[in-house]
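Trainee: The sequence isn't on hand, but the structure is:
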């Protein structure tokens, strides 16, 4: 009888361990897209401020940009606002986190701009941006020099590059928007 009880307790314990391992595996799978950017020297998701959204949209609209891309688009708020307010033919977002891309697609559909938006799960360094005439990035300081070289090489002359918070070293901005500690640097590709 005691042997049966020990066997039953062992089986129960194995089930509990199995269920716990399952929860840990699912939790890790769900959280991995949010953790991965930190391991790749990419900035984490931080929602873009109204200051940046409004000024990005204003620049895109005033400069009559037709194709816009947000590098590291997060929850899609910049892309969706540009699509709604700036009269572009395409507003695209590139994001590493598949959950944020899925959220962005649903949000674009609900906001009625699905036809003019596009969201891709991709590494910003591995895509070519030559089809776009306006680009925005809210990157980490360490990535800015390499990113400017990439964009300046791929974009057509006259295209806009906007950078939230961090300037490109040694490059004079074409325009600058400031509000306290918030900054939006605007550059023109020559």
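Mentor: Received the coordinates, thanks. All of these numbers come straight from a predicted model, not from anything done at the bench.
Trainee: Can you list the low-confidence ranges for the chain?
Mentor: The model of the chain has pLDDT under 70 over residues 1, 13-14, 16-44.
Trainee: contacts for stretch 78-86?
Mentor: Applying C-beta atoms under 8 Å, 6 or more residues apart in numbering, the contact partners of stretch 78-86 are 48, 52-53, 56-57, 60-61, 65, 68, 70, 73, 88, 91-93, 104, 107-108, 111-113, 116-117, 119, 136. C-betas here are computed from N, CA, C, even on glycine.
Trainee: ok, of those, which come out buried?
Mentor: 48, 52-53, 56-57, 60, 65, 68, 70, 73, 88, 91-93, 104, 107-108, 113, 116-117, 119, 136 (16 or more other C-beta atoms under 10 Å).
Trainee: Those residues in strands, which ones?
Mentor: If you go by DSSP state E, the buried ones among the contacts of stretch 78-86 have 68, 70, 91-93, 117, 119, 136 in strands.
Trainee: gap between the closest residue to residue 111 other than its chain neighbours and residue 5?
Mentor: Excluding the flanking residues, the one nearest residue 111 by C-beta to C-beta, 6 or more residues apart in numbering is residue 80, at 5.3 Å. Remark: distance between residue 80 and residue 5 (C-beta to C-beta, to the nearest Å) = 60 Å.
Trainee: higher neighbour count, those two?
Mentor: Taking other C-beta atoms under 10 Å, residue 80 and residue 5 do not tie; residue 80 has more neighbours (26 against 9).
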